[in-house]
Structure formats: C-alpha cells, structure tokens
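J.: What follows is a predicted protein model with its sequence.
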2 protein chains.
Amino acid sequence: MSDKRKTPLSTHPMEGHHCTVDLRLEKLGMVSFFQDLTKEQLLEVNGKCTAIHYSKSEIIYRQGDISTMLRVVVAGNVKLAVHTPEGDIVLMDMLQPGDFFGNLSASGKDVYNETAETQTAACILSIRLNDFRNLMNRYPSVAMSVLDITTNRLSESRQRIRHLSTLPVTKRIAHILITLGNKFGEGNRHGLLIQLPLSRKDLADMAGTSTTTASRIMSRFQQDGLITSGRQWVAVKNMNALSEIVSAQ
Amino acid sequence: MSDKRKTPLSTHPMEGHHCTVDLRLEKLGMVSFFQDLTKEQLLEVNGKCTAIHYSKSEIIYRQGDISTMLRVVVAGNVKLAVHTPEGDIVLMDMLQPGDFFGNLSASGKDVYNETAETQTAACILSIRLNDFRNLMNRYPSVAMSVLDITTNRLSESRQRIRHLSTLPVTKRIAHILITLGNKFGEGNRHGLLIQLPLSRKDLADMAGTSTTTASRIMSRFQQDGLITSGRQWVAVKNMNALSEIVSAQ
DNA sequence: GCACTTCTTTGATCCAGCTCATTTTAGTAC
DNA sequence: GTACTAAAATGAGCTGGATCAAAGAAGTGC
C-alpha cells in the first residue's frame, strides 16, 4: 500500500479551445437530437449558438435565475445540483458531452430549478430558448428526439425515487457506482476508472446520505476488493460483485 | 366524537357509461395536448381511440407488459405503482381525468415500467402508440404539449427526489397532503376533502415510509386539528399549518 | 523540502423510523 | 340493531444512519 500515486484522472487540455466552425458542426451533429438534420440545417443551428468555455468548478447558472438559454455540453462535464432551503445539496445529474440541460418548459415558469456547475473544464454551447422552440416546431425529428430523452430522464428519475424509497444506503451507492462506471468508465490499470472528479460528498449527495456514511461504505467496498479509490476518484474493480450487492436477497 | 359518519367520498355513477361520440370528443378536447386541434382533427383522433370501462381496483396493465397503447383517463382515477423485487410498492402517481399514461419512448424498450390500477371506477381511452407518434409528427402542437407535460413530470419527480433525500417523514407527508389537497380537493363540511380513496398504506407508499409511521403521523395531524380523516379518506382542515410544517426551521 | 488546505477515514453516541404484535375502530352487509 | 372485515392506531423494542468530533492522508503552492 506504499503506492505513491497521483490522480489517475486525465485532465483534458481544452486551453485555447477555439471552436472552429467545423469543430462546432461536428459536435452539434453528435448531439442526439440534431443527428437527423442535414449539413445546411446544422449550419443554421450553429449560427444561433454561442460557445463558452468554462474552467473547473465554475457556475454556469444558479437555481432561481431566469432561464433564457438551452445549453449543450460540447466537452468536459457538468453537474446539476439542487440546493435546499435547509442547506442540503441534492445532486441531480452528471452530464457528458452531447447532453443538453437548462429549462425546456414552454409555458410555466422560466426559472432554472437547479444550479449547473462545471465538474471539469468544459465547453458549452448555448442557444436561445425561443430559437430552439422554433427549431422543434420546424423539424419534428428534433422535437421527437428531445421528447425521447426527456422521457428517459423521467424514468431514470423514477428509478431513483424507487431506490430512495426502498433500498438501504449500501445498495444505493453500489447502484450509483455501477451507473457511473457504465457512463463514465474507462479501462485502466486500476480497473474501470470513472473519468470524473468524484468526491465522497458528491456520492453522498447522489445517494441521499451523509458524507461520513458514504465514506464508510466506500471503505468497506475497497476492503472487499470491489473498488479502488483515492482522493476524488474511483475505479470499479468488480462490477459483478456490485450488481450482486444491489440485488441481494 | 360520537359522530356517526360514512365515507364522505362521492362515488361516481359511471354505470352504463356509453361514451357517445359527442361525449368522447368533449373529453378528448379536454386533454391538454389535443386542445389546439380543430373539431375535424379531433374526430380523426377519436376514430383511433378505444374506450374501456373499468371498475374499482382493476389492473389496466402490469409492470413488464409489452406497451403498445397510450392511454388517457376520461373519468375516474388511476394509480401508477412500481413493484420492487423485494415486494415493496412505490406509488408513482395518482391520475385525474385528462391525464395520460403509458410508455411514450419512441426507441428503447417498449415495456411498461409500472402497474396501472384503477383507484375508483374509471373510463379510459386507448390509442395505439404508432398512431399517436404519427399525430405528434403531423401536429407539432401535440408534440410540444406532450413535451411540456413530460418536462413538468420530470421536475415534479426531481422535487420528490429532493424530499426523499433531505426531508423527514413528517414533512414529506405534510407535503403530500398539500399536493393531493390541491389536485383532488373539494370543499366539504370536513374542510378540503381529498376526493379519492386514500389509505394509510397509499400515503406510506407515496412518502417512502411504513404504514405504521404514516398512521402515527396522521394521528398526530388529526389531534392537532390539521386534518380530519376516516377509513380511506382524508380532508385537510388547515392548509397553512401543513405548509408551515413543511417549511419549518 | 515544508506548510497548508481540503478530502477522507474512523470512533462514539444518539434518535427517527422500522418491525413485530395486538387492540381498536370505521364502514359494510344483513 | 348485530356480525363481520379490513383499516387504522398504538405499544415496545431494535437498528441503520445521522451527528459530532478528531485524527489521518493526498494534493498544492512556495
């Protein structure tokens, strides 16, 4: 255990990221709801987008701010967190390149109901909500794709409600590790490394538990050889064993 | 306390409910995502719908069944519940006339991920998923409206995650009573009566707690004069006091 | 290298809410 | 009214996690 290691997470370069038209078009085409558009249509969309570069731990917008833009992650990671009046934090989502975020509701309140913060340095495209609604009206494929993604998010969200209502913390954390492993995992000498700065507190805020309890559970997982982890990083060594914990008895 | 009372809930007649074309059209027009359609378009939609009548506590579909239909509540109430492998139940939603349910996902799995059961006698319209997708493609207003509703459900769902993660059971139940009161409440000699058979177990399954705990909390609320309740019914007497409980300290 | 900060681990104690078991009551059917 | 049934209330005891507190790494900047 006298393993003198540093963070195994790779930091993306991102400096001087100039976002040429070609690069932006490529990224826009990657976003699932634009994938059916032609090159000309993409160019049009691109014309309505603004790219902004953020460094790590910057706030993109705050819960309660008026929402006018829809955003798309081009590079890096973003976390969406709700801050409760009591001062607790609930981590709602960790986003990847290609994910969109912001507030879509056509009617009703036009206020963000979570805070978006970069988890790594990141490049974000913004498009005015009005322009985006316009696109959805003109290109049904875009609207359908957005609906599809939203429906998926809704069912993920319901699964989480199920977990919070019925599973003990250990199972919830095991499940979160599996999900993050599948979404952000990269093969590595440690196993499947979750490519994302991930503290015990982040995990606790996802699992709806306290930081101390999250830490205790992670210690146990590590002792049992299910994971390897250090300061702000986690690698899954035994996915199957984690699955078994989730579905035990 | 020697109040000799029966269920104050009104049972809808519903017997011999024949669903004339006119009645169905009227109901369809009430459904928010069809409200922008013309009478001719509604007639077309109506042609693709089948109306089915259910009595109380009938299963409409089960979690895991192949999903081919989208449904709309015309009359009565429906509850959506997830059954966990451990045998617990999580009550996801209580529906009203005008609400739609079923599985919308265009791609991905075409399986219901919850069980739909009538909470009262009910009349349900069904439309094939393919037909409905077709409608959304042809009438953007329908697609936008569905997206809007789905987005709202997602944010309700996230609020519930927040509550499960950070609030103690008492506050969660107080909040549920407020929500149900607003959605299903009807003025009455008892106060704002929640027009819906609602057992302690239903409440517990919504709040993610045990039936006993739900019962204890309801007893306390009743002692404190915040609610009146009997077997399977609840009336809110003091909405403000409930709100205060939710946001206390 | 050393000082400093922030994250993580671990111990000790406490309590909200769960479980199990039993009694009471509201509502129904006759 | 009486009998019956399923829901609700209530008591007693236990425990998973929270909280508080303090010590131990892992990085960072100088």
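T.: Arrived safely.

J.: Contacts only, for residue A:236.
T.: The contact partners of residue A:236, by C-beta atoms under 8 Å, 6 or more residues apart in numbering or on different chains, come to A:177-178, A:181, A:185, A:191-192, A:194, A:226-227, A:242. Placement of C-beta: from N, CA and C, glycine included.

J.: switch to 6 Å and redo it
T.: Listed by C-beta atoms under 6 Å, 6 or more residues apart in numbering or on different chains, the contact set of residue A:236 reads A:177, A:181, A:191-192, A:227.

J.: Now do the strands in chain A.
T.: For chain A, applying DSSP state E gives strands covering A:49-54, A:59-61, A:69-75, A:78-83, A:89-95, A:100-102, A:115-118, A:122-128, A:185-188, A:191-194, A:227-230, A:233-236.

J.: thinking again about what came up before, just the buried residues of the contacts of residue A:236.
T.: The neighbour-count test (16 or more other C-beta atoms under 10 Å in any protein chain shown) marks A:177, A:181, A:191-192, A:227 as buried among the contacts of residue A:236.

J.: hang on, the earlier thing: dump the strands of chain A into JSON lines; add mean pLDDT and distance to residue B:203 as well.
T.: Shown next, in JSON lines, are the strands of chain A (pLDDT from 0 to 100; distance: least, C-beta to C-beta, whole Å):
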{"stretch": "strand A:49-54", "mean pLDDT": "91", "distance to residue B:203": "44"}
{"stretch": "strand A:59-61", "mean pLDDT": "95", "distance to residue B:203": "36"}
{"stretch": "strand A:69-75", "mean pLDDT": "91", "distance to residue B:203": "37"}
{"stretch": "strand A:78-83", "mean pLDDT": "96", "distance to residue B:203": "24"}
{"stretch": "strand A:89-95", "mean pLDDT": "97", "distance to residue B:203": "23"}
{"stretch": "strand A:100-102", "mean pLDDT": "94", "distance to residue B:203": "33"}
{"stretch": "strand A:115-118", "mean pLDDT": "96", "distance to residue B:203": "32"}
{"stretch": "strand A:122-128", "mean pLDDT": "92", "distance to residue B:203": "42"}
{"stretch": "strand A:185-188", "mean pLDDT": "90", "distance to residue B:203": "40"}
{"stretch": "strand A:191-194", "mean pLDDT": "94", "distance to residue B:203": "38"}
{"stretch": "strand A:227-230", "mean pLDDT": "94", "distance to residue B:203": "38"}
{"stretch": "strand A:233-236", "mean pLDDT": "96", "distance to residue B:203": "38"}
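
J.: one step back: would you format the contacts of residue A:236 as JSON lines with distance to residue A:155 included?
T.: Formatted as JSON lines, the contacts of residue A:236 follow (distance: C-beta to C-beta, whole Å):
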{"residue": "A:177", "distance to residue A:155": "20"}
{"residue": "A:181", "distance to residue A:155": "20"}
{"residue": "A:191", "distance to residue A:155": "29"}
{"residue": "A:192", "distance to residue A:155": "24"}
{"residue": "A:227", "distance to residue A:155": "27"}
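
J.: For residue B:249, state which of the residues you listed is nearest.
T.: In terms of C-beta to C-beta, no member of the contacts of residue A:236 lies closer to residue B:249 than residue A:177, at 34.1 Å.

J.: what's the average pLDDT for the longest helix along chain A?
T.: Counting by DSSP state H, the longest helix found in chain A is helix A:140-166. For helix A:140-166, the mean per-residue pLDDT is 94.

J.: Could you tell me the angle between that helix and strand A:89-95?
T.: Put simply, helix A:140-166 runs at 140 degrees to strand A:89-95, going by axes from the mean of the first three to the mean of the last three C-alpha atoms, to 10 degrees.

J.: Is helix A:140-166 positioned near chain B?
T.: Yes: contact of helix A:140-166 with chain B (C-beta under 6 Å from any C-beta of the partner chain) involves A:140, A:143, A:147-148, A:150-151, A:153-155, A:157-158, A:160-162, A:164-166.

J.: Can you spell out which helices and strands pack onto that helix?
T.: Helices and strands touching helix A:140-166, by 3 or more C-beta pairs under 6 Å, 6 or more residues apart in numbering or on different chains; DSSP states H and E, are helix A:129-138, strand B:89-95, helix B:140-166.

J.: Just give me the neighbour total for the closest residue to residue A:93 other than its chain neighbours.
T.: Distances taken as C-beta to C-beta, 6 or more residues apart in numbering or on different chains put residue A:80 closest to residue A:93, at 4.4 Å, once the chain neighbours are dropped. By other C-beta atoms under 10 Å in any protein chain shown, the residues close to residue A:80 number 22.

J.: Run through the bridge partners of residue A:80.
T.: According to DSSP bridges, the partner residues bridging residue A:80 are residue A:93, residue A:116.

J.: Touching, it and residue A:94? I think so.
T.: No: when contacts are counted by C-beta atoms under 6 Å, residue A:80 is not listed as touching residue A:94 (7.9 Å).

J.: ok so, going back, and the strands of chain A: which comes nearest DNA strand D?
T.: The minimum distance between DNA strand D and the strands of chain A falls on strand A:227-230, with 4.0 Å, by C-beta to the nearest atom of the strand.

J.: got a list of contacts for that closest one?
T.: For strand A:227-230, using C-beta under 6 Å, 6+ apart, the contacting residues are A:190, A:221, A:234-237.

J.: That one: which residues count as buried?
T.: So for strand A:227-230, counting by 16+ other C-beta under 10 Å, buried means A:227-229.

J.: what do you get for stretch A:97-107?
T.: For stretch A:97-107, the neighbour count (16+ other C-beta under 10 Å) marks A:97-105 as buried.

J.: Now tell me what touches it from outside.
T.: Contacts for stretch A:97-107 (C-beta under 6 Å, 6+ apart): A:30-31, A:67, A:70-75, A:112, B:148, B:151.

J.: so which of those comes closest to residue A:203?
T.: The closest of the contacts of stretch A:97-107 to residue A:203 turns out to be residue A:73 (C-beta to C-beta; 21.1 Å).

J.: Chain B contacts on chain A?
T.: Counting by C-beta under 6 Å from any C-beta, the residues of chain A close to chain B are A:82, A:84, A:88, A:90, A:92, A:104-106, A:113, A:137, A:140, A:143, A:147-148, A:150-151, A:153-155, A:157-158, A:160-162, A:164-166, A:208.

J.: Get me the contact residues on chain A for DNA strand D.
T.: Selection of chain A residues close to DNA strand D by C-beta under 7 Å from any atom of the strand yields A:5-7, A:168-170, A:208-210, A:212-213, A:230-231.

J.: Select only the buried ones of these in PyMOL?
T.: Buried residues among these (16+ other C-beta under 10 Å), as a PyMOL selection:
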select buried, chain A and resi 169+170+208+209+213
